[in-house]
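Fold the stuff below for me.
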Amino acid sequence: MDLGRFMFQSITSQINGSSSFLSYLVMVLGVTSIASILIWRWWKGKETYKSLQSLPSPPQYWVLGNLPQVLAAVKQKKLFQLFFDWSQQFGPMYVIWNGRTPSVILSKPKVIEDTIINGMRDGSLIRAKQVRQAWNDISGSIMLGETGTQWQWRRQAWNPEFSSSNISKYLEIISQACEQVIETLKQVAPPKEVEVDPLFVELTMRVISSFVLGIPVDRNSTSQEGSPLEVSKVYEAMSIVGYRFLRQATGEKRWMKYLPTQNSRDYWAARRYLTEFLTPRVDLALKMREQNQTDFPQVSSLFRESMLVKIAAKEPKYDRETLISESIELLIAGTDTTAHTLSFAVGELSLNPRVFQQARDIVDQAWQKESGINLKNLKELAYIRAIIKETLRLYSVGSGSSPLETQRDTLIEGTVIPRGTRVSWSMLAAGRDPEVYANPEEFRPERWLDKNKETSSLPMIHFGSGSHRCLGEHLSMLEGTMMLALFVRHFDWELVNGRSSLEKLQQNLLIYPSDRMPIRFRGRNGA
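Numbers count the residues shown, from 1 in each chain. Prediction:
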């Protein structure tokens with residue numbers, strides 16, 4: 001019995017030992033395999049992007065690259081500042097790494113312009129896949145999130161609606177919205193300290209909502225086609241989905257929106273609110289298309305002439321989901337861009353009396369001819385348009401928000417940029433390039449009016465370049481020119497916080513003044 005027990009224990013011990021050894025062996029092989037895969041992928045990436053090793057780069061974290069710095073900047077709402085600082089430190093062309101994936105950052109205006117135009121024309125550059133996914137994750141498939149034929153038919157549908165000749169037809173609506181802002185300021189009690197950025201947000205949102213959705217710009221008017229425009233609620237929802245885009249475009253995973261976090265709850269609530277706001281008008285536009293009618297008794301003339309109704313009628317590829325998504329895209333694109341640019345322009349005028357006075361003299365002269373601003377004398381306000389261009393140069397509100405991706409090896413400034421590399425830019429750094437813009441820190445609108453060889457071809461890339469140039473450029477310039485002209489005609493003002501209003505900036509989707517640009521107004525005598 002003792003001998004049998006001994007043999008059984010011996011055999012059991014060997015089996016247990018073998019099992020432990022096998023488990024250990026499996027673990028070692030597993031770790032070795034994972035390490036081998038990681039090393040192989042690292043080597044492959046190093047070889048693939050070997051040509052980028054000659055470019056300067058910020059200090060990196062192992063495996064993660066520069067992703068921690070980028071995500072921290074997004075959380076602090078300072079991504080634009082990080083790219084600008086790195087441009088100042090590493091020069092006009094450097095590379096950052098999202099793990100193993102590189103992004104080349106450019107900051108020379110002409111290089112940016114040529115890269116975008118040539119790359120989009122010959123197909124070597126398209127919108128980056130991750131960024132397109134982030135755009136489409138805002139609310140669904142939208143123009144900015146598409147490429148190739150999907151992008152082309154959408155762009156062709158909307159192009160005529162935003163042409164300069166078509167936009168000029170809406171001058172009366174733009175003028176009415178701008179006058180509404182002027183009247184609001186006139187009613188402010190002394191000492192007349194007002195945060196102008198929210199005022200401009202309301203202006204631009206009412207204008208784009210009127211054009212696209214047929215909603216009256218008059219705050220006191222109602223629209224029977226759908227619920228009224230509540231600017232603060234719509235703007236808050238737009239800001240939430242916009243910030244969600246920025247986080248995802250810079251590395252946050254798409255599935256994180258499903259986590260039970262406050263950010264996720266806010267995101268879904270914002271999407272739900274925007275969808276519920278837009279659905280009645282979209283459904284009505286589709287119903288008009290299906291019945292091939294424009295003379296609905298319950299439909300206002302403003303809604304009948306809206307872009308939503310026109311696009312639904314002429315482009316059958318649009319359905320409820322895509323029209324809702326496209327409307328959200330246009331609301332976002334048509335609001336903050338012009339609003340924040342106007343805030344920065346007003347701020348710079350306060351700090352530059354010479355420019356302010358010249359602008360006023362020009363507006364007064366045009367005003368006296370027509371007793372106001374209209375299509376006849378708008379062409380005389382080239383200096384006001386130059387102020388807006390100069391503001392965009394210094395405060396490009398959409399700095400680097402929509403990078404491209406190389407589809408094949410591409411040469412940029414003598415460096416081979418391998419296939420699969422993102423190409424982005426710092427517009428703030430580009431706008432301050434001393435080789436292109438003399439005295440770049442000086443606010444000098446005249447640089448856009450000079451006709452000499454050095455300045456007549458200054459890059460104006462803040463609306464993009466090539467076939468993907470901003471759809472709403474004409475609307476933005478017309479709206480900004482009208483509003484700024486009325487401001488200098490009716491008021492004197494000063495910045496409450498001085499230059500810090502122009503220096504303490506943050507970035508949601510776009511760049512904006514963190515203090516909302518508070519200003520003290522004085523009504524102008526005799527205006």
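
Specify the local secondary structure of residue 521.
Taking DSSP: H, G, I helix; E, B strand; the rest coil as the rule, one finds residue 521 in the strand state.

make that residue 69, sorry
Strictly by three-state DSSP, residue 69 counts as helix.

who are the neighbours in contact with it?
By C-beta atoms under 8 Å, 6 or more residues apart in numbering, the residues touching residue 69 are 58, 82. For glycine as for every other residue, the C-beta is placed from the backbone atoms N, C-alpha and C.

State the distance from it to residue 81.
12 Å (C-beta to C-beta, to the nearest Å).

In the chain, where is pLDDT below threshold?
Applying pLDDT under 70 to the chain flags residues 1-47, 294-295, 399-401, 452-457, 526-527.

One more pass at 80, please.
Scanning the chain for pLDDT under 80 picks out 1-47, 189-191, 293-298, 398-402, 451-462, 464-468, 525-527.

Let's check: the centremost residue of it is which one?
residue 398 (4.5 Å; C-alpha atoms, centre = their mean).

For that one, which non-adjacent residue is closest in space?
Excluding its sequence neighbours, the residue lying closest to residue 398 (C-beta to C-beta, 6 or more residues apart in numbering) is residue 510, at 5.4 Å.

hang on, the earlier thing: residues contacting the residue nearest to the centre of the chain?
337, 427, 462, 510-511.

do the same with residue 138
Contacts of residue 138 (C-beta under 8 Å, 6+ apart): 241-242, 244-245, 325, 328-329, 332.

count of residues packed around residue 440?
Using other C-beta atoms under 10 Å, residue 440 has 15 neighbouring residues.

That one reaches residue 432, doesn't it?
Yes: taking C-beta atoms under 8 Å as the definition, residue 440 is a contact partner of residue 432 at 4.3 Å.

where do the contact lists of these two overlap?
If you check residue 440 and residue 432 against C-beta under 8 Å, 6+ apart, no residue is contacted by both.

Please tell me how far residue 86 sits from residue 519.
From residue 86 to residue 519 the distance is 33 Å (C-beta to C-beta).

cool, residue 215 as well?
When residue 215 is compared with residue 519 (using C-beta to C-beta), they lie 28 Å apart.

and the gap between residue 171 and residue 480?
Taking C-beta to C-beta, one finds residue 171 at 13 Å from residue 480.

How about residue 434?
Taking C-beta to C-beta, one finds residue 434 at 26 Å from residue 480.

what do you get for residue 229?
Residue 229 is 21 Å from residue 480, by C-beta to C-beta.

and the spatially closest residue to residue 68 that is not a sequence neighbour, how many residues sit next to it?
Using C-beta to C-beta, 6+ apart and skipping the chain neighbours, the partner closest in space to residue 68 is residue 61 (5.4 Å). Here the number of neighbours of residue 61 (other C-beta under 10 Å) works out to 12.

Looks like residue 61 contacts residue 71 (just checking).
No: between residue 61 and residue 71 there is no contact under C-beta under 8 Å: 11.1 Å.

residue ranges for the strands of this protein, please.
According to DSSP state E, the chain carries its strands in the segments 93-98, 101-106, 125-127, 193-195, 404-406, 410-412, 415-417, 422-425, 491-495, 505-507, 511-513, 518-523.

Kindly reformat those as a markdown table and extend each row with mean neighbour count and distance to residue 157.
Shown next, in a markdown table, are those (neighbours: other C-beta atoms under 10 Å; distance: least, C-beta to C-beta, whole Å):
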| stretch | mean neighbour count | distance to residue 157 |
| --- | --- | --- |
| strand 93-98 | 21 | 34 |
| strand 101-106 | 23 | 31 |
| strand 125-127 | 21 | 18 |
| strand 193-195 | 16 | 37 |
| strand 404-406 | 22 | 23 |
| strand 410-412 | 17 | 30 |
| strand 415-417 | 19 | 33 |
| strand 422-425 | 24 | 28 |
| strand 491-495 | 18 | 40 |
| strand 505-507 | 20 | 31 |
| strand 511-513 | 24 | 30 |
| strand 518-523 | 17 | 40 |
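
And those strands: which comes nearest residue 471?
Ranking the strands of the chain by proximity to residue 471 (C-beta to C-beta) places strand 125-127 first, at 14.6 Å.

quick revisit: neighbours of the residue nearest to residue 398, how many?
Residue 510 has 23 nearby residues by other C-beta under 10 Å.

In a markdown table, list the contacts of residue 138 along with neighbour count and distance to residue 161.
Shown next, in a markdown table, are those (neighbours: other C-beta atoms under 10 Å; distance: C-beta to C-beta, whole Å):
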| residue | neighbour count | distance to residue 161 |
| --- | --- | --- |
| 241 | 21 | 23 |
| 242 | 19 | 23 |
| 244 | 24 | 27 |
| 245 | 22 | 24 |
| 325 | 24 | 17 |
| 328 | 25 | 17 |
| 329 | 23 | 14 |
| 332 | 26 | 17 |
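
Out of the residues you listed, list just those in helices.
Judged by DSSP state H, these include 241-242, 244-245, 325, 328-329, 332 as members of helices.

Out of those residues, flag the one nearest to residue 373.
Nearest to residue 373 among those is residue 332, at 27.9 Å by C-beta to C-beta.

ok, the closest one - contacts?
138, 238, 241-242, 509.

surely residue 166 meets residue 159?
No: if you go by C-beta under 8 Å, residue 166 and residue 159 don't touch, sitting 9.6 Å apart.

what about the two, which has more around it?
Set side by side, residue 166 and residue 159 show more neighbours around residue 166, with 15 against 11, by other C-beta under 10 Å.

mind listing what the more buried one touches?
residue 160.

Please look at residue 312 and residue 283 and confirm they touch.
No: with contact defined as C-beta under 8 Å, residue 312 does not count as touching residue 283 (10.1 Å).

So between the two, which is more surrounded?
Each of residue 312 and residue 283 has its neighbours counted (other C-beta under 10 Å); residue 312 has more, 23 against 15.

List the residues that contact residue 172.
Per C-beta under 8 Å, 6+ apart, neighbours of residue 172: none.

swap that for residue 280, sorry
So residue 280 contacts 225-227 (C-beta under 8 Å, 6+ apart).

Tabulate those (TSV), appending neighbour count.
Formatted as TSV, those follow (neighbours: other C-beta atoms under 10 Å):
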residue	neighbour count
225	23
226	19
227	14
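
coming back round to it: ok, the contacts of residue 138 vs residue 466, which is closest?
Using C-beta to C-beta, these come closest to residue 466 at residue 329, 19.5 Å.

separation between the residue nearest to the centre of the chain and residue 427?
7 Å.

what do the two both touch?
residue 462.

Output the strands of the chain as TSV; include the columns distance to residue 362.
Formatted as TSV, those follow (distance: least, C-beta to C-beta, whole Å):
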stretch	distance to residue 362
strand 93-98	39
strand 101-106	35
strand 125-127	40
strand 193-195	25
strand 404-406	39
strand 410-412	41
strand 415-417	45
strand 422-425	33
strand 491-495	16
strand 505-507	29
strand 511-513	26
strand 518-523	20
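
wait, which of the ones you listed is closest to residue 77?
Nearest of these to residue 77, taken as C-beta to C-beta: strand 505-507 at 4.0 Å.

Apart from its neighbours in sequence, what residue is nearest residue 448?
Counting by C-beta to C-beta, 6+ apart, the residue nearest residue 448 is residue 386, at 4.1 Å.

Could you pull up the residues touching the closest residue to residue 147 other than its chain neighbours?
Of all residues not flanking residue 147 in the chain, residue 126 sits nearest, at 4.9 Å (C-beta to C-beta, 6+ apart). Residues in contact with residue 126 (C-beta under 8 Å, 6+ apart) are 120, 147-148, 404-405, 407.

I'd like the distance from residue 521 to residue 308, if you could.
Taking C-beta to C-beta, one finds residue 521 at 36 Å from residue 308.
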